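J.: sequence unknown, structure follows:
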Ligand SMILES: *Cc1c(COP(=O)(O)O)cnc(C)c1O
């Protein structure tokens, strides 16, 4: 696609800003590392060898392209309870079929190739629920690189199966006992490790957040989702979709789907944040709907914070959505009005989860169950001859214990 002068796809600027968001708010010790990374990333992007390596692994290791699938029975289930003639035709972008069961591997493959290009011999990452930790440990094992994963001590206690997966893959899982002992603290600790081990270490950030160039780089690696979906829907329907829907934690699967369509004015976009117990409570993870701009993890973006500017703990039934911030590009797309963001509660997500299981024979991750519930809320605004693409970002095997507990069943 050509780059238009006024394109919404031209962000960020050279200093990493998406409008008033993003940037590089870090200690001066980190600046040379980030500038180095930026140069290496830009060189890699121009290099056909890098593109070939990436493409090869995406095809044969990750299993791309992921299918674009007509979710016929979910479409019918929505139409059954909507006014006559409404309810769009729904397609799923099947990221849950990727190796390791979610979209996170797309980004990890890109960053590990970059790490090797830069001559780095050690990989570090942060993880909350453990999904990004597992994807990082996977690529580190694939390339024989030692790997350290920082994880909050509380999350370690809650996510034992993923902790064990990382260990099986050869990673060292380091418990973080500062702060609330969750994702935010794990990311702080990973940044600290990086500063002291710059020479040999590469930090693989798991979502489209962090200091520049991470939000841009992660978005670019995840944009394979949107580029494939664009070609697939043109092949299937001969036209672009009317609506794109994705769940938003840090925002990487959503920006990956949205970005290649940003300049197509006829395509509406809906990002679904986790509203937890409800936006009127303190227990949610909706940074845009319930937060204010501030600075965390090296960038300016919407954050959940109290009156003193202290970062609040996020809550969601979905561990992958409970980050108190959001990628800076989403903050900008929210402020300029290009993407609409809405919240879905734990209870609504659970209903979306069950509906997907029973109508499509697909157990979705709780993260994308939020997107299903969000689509259900707006489906009545679309005619039956309109098309919606929903990013099925991951599979739900990891969530069955959480779901069982929420449904009052003991396994
Ligand atoms: C981690 C995760 C998310 C949330 O992260 P984003 O960066 O917002 O995409 C969503 N879905 C699944 C399946 C995940 O594992």
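T.: That came through, no problem. From a predicted model like this one, the values you see are computed outputs, not experimental measurements. Numbers count the residues shown, from 1 in each chain.
J.: so the protein: which segments form each domain?
T.: Listed by automatic domain parsing, the domain ranges of the chain are 26-61+104-218, 64-101+223-406.
J.: for the ligand, find the nearest of those.
T.: Nearest to the ligand, of all the domains of the chain, is domain 64-101+223-406, at 2.3 Å by C-beta to the nearest ligand atom. Where C-beta positions appear, they are placed from N, C-alpha and C, glycine not excepted.
J.: relative to the whole chain's centre, how far out is the closest one?
T.: Using C-alpha atoms, centre = their mean, to the nearest Å, the mean C-alpha position of domain 64-101+223-406 is found 10 Å from that of the whole chain.
J.: end to end on that domain, go ahead and measure it.
T.: Using C-alpha to C-alpha, to the nearest Å, the end-to-end distance of domain 64-101+223-406 comes to 34 Å.
J.: what about that domain, average pLDDT?
T.: For domain 64-101+223-406, the mean pLDDT works out to 97.
J.: same check, this time on stretch 205-220
T.: Computed over stretch 205-220, the average pLDDT equals 98.
J.: can you tell if it touches the ligand?
T.: Yes. Stretch 205-220 reaches the ligand (C-beta under 6 Å from any ligand atom) through residue 207.
J.: mind checking the end-to-end distance for that stretch?
T.: Start-to-end span of stretch 205-220 (C-alpha to C-alpha) is 13 Å.
J.: to the chain's geometric centre, what's the distance from that stretch?
T.: For stretch 205-220, the distance to the chain centre is 10 Å (C-alpha atoms, centre = their mean).
J.: kindly report the same for stretch 215-234.
T.: 12 Å.
J.: how long is that stretch end to end?
T.: For stretch 215-234, the end-to-end distance is 28 Å (C-alpha to C-alpha).
J.: please apply the same query to stretch 358-374.
T.: First residue to last in stretch 358-374 (C-alpha to C-alpha) measures 18 Å.
J.: and it with the ligand, contact?
T.: Yes. Contact of stretch 358-374 with the ligand (C-beta under 6 Å from any ligand atom) involves 365, 367, 368.
J.: same thing with stretch 162-182?
T.: No. Contact of stretch 162-182 with the ligand is not found when judged by C-beta under 6 Å from any ligand atom; the minimum separation is 10.5 Å.
J.: hmm, who's touching that stretch?
T.: The contact list for stretch 162-182, computed with C-beta atoms under 8 Å, 6 or more residues apart in numbering, reads 127-131, 133-134, 136-138, 140-141, 146-156, 185-186, 188-189, 313, 322, 398.
J.: go on, stretch 362-370?
T.: With C-beta under 8 Å, 6+ apart, stretch 362-370 has contacts from 92, 96, 101-102, 246-247, 249, 253, 272-274, 317-321, 344, 348-350, 352-353, 356-357, 372, 390-400, 402-403.
J.: which residues of this structure lie near the ligand?
T.: So the chain meets the ligand at 102, 104, 131, 207, 247-254, 320-321, 365, 367-368, 393-394 (C-beta under 6 Å from any ligand atom).
J.: in helices, which of these fall?
T.: Among those, the members falling in helices (DSSP state H) are 104, 131, 252, 253, 254, 367, 368.
J.: of those - the most surrounded one?
T.: The residue in these with the most neighbours, by other C-beta atoms under 10 Å, is residue 254 (37 neighbours).
J.: what about the nearest residue to that one once chain neighbours are set aside, distance to residue 95?
T.: Nearest residue to residue 254 in three dimensions, chain neighbours excluded: residue 246, at 3.7 Å (C-beta to C-beta, 6 or more residues apart in numbering). The gap separating residue 246 from residue 95 is 10 Å, by C-beta to C-beta, to the nearest Å.
J.: tell me, what's touching the two both at once?
T.: Common neighbours of residue 246 and residue 95 (C-beta under 8 Å, 6+ apart) are 253, 391, 393.
J.: just send those residues back as JSON lines, with distance to residue 11 too.
T.: Shown next, in JSON lines, are the shared contacts of residue 246 and residue 95 (distance: C-beta to C-beta, whole Å):
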{"residue": "253", "distance to residue 11": "19"}
{"residue": "391", "distance to residue 11": "21"}
{"residue": "393", "distance to residue 11": "23"}
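J.: what's the closest of these to residue 265?
T.: residue 391 (20.5 Å; C-beta to C-beta).
J.: was I right about the closest one contacting residue 248?
T.: No. Contact criterion C-beta atoms under 8 Å: residue 391 and residue 248 do not qualify, at 10.3 Å.
J.: more neighbours, these two?
T.: Taking other C-beta under 10 Å, residue 391 and residue 248 do not tie; residue 248 has more neighbours (34 against 28).
J.: surely that one and residue 341 touch.
T.: Yes. In this structure, residue 248 is within contact of residue 341 by C-beta under 8 Å, at 6.9 Å.
J.: what touches both of the two?
T.: Shared contacts of residue 248 and residue 341 (C-beta under 8 Å, 6+ apart): 271, 272, 273, 288, 330.
J.: can you pull the buried residues of whichever helix or strand residue 232 is part of?
T.: Taking DSSP states H and E as the definition, residue 232 sits inside helix 224-237. By neighbour count with 16 or more other C-beta atoms under 10 Å, helix 224-237 contains the buried residues 224, 225, 226, 227, 228, 229, 230, 232, 233.
J.: which strands and helices sit next to that helix?
T.: Helix 224-237 sits against strand 68-70, strand 89-94, helix 252-258, strand 387-392, with contacts defined as 3 or more C-beta pairs under 8 Å, 6 or more residues apart in numbering; DSSP states H and E.
J.: can you tell me what sits against the helix or strand harbouring residue 73?
T.: Element membership of residue 73, judged by DSSP H and E, is helix 72-80. Contact with helix 72-80 is made by 86-90, 355-356, 359-360, 372, 375-376, 379, 384, as judged by C-beta under 8 Å, 6+ apart.
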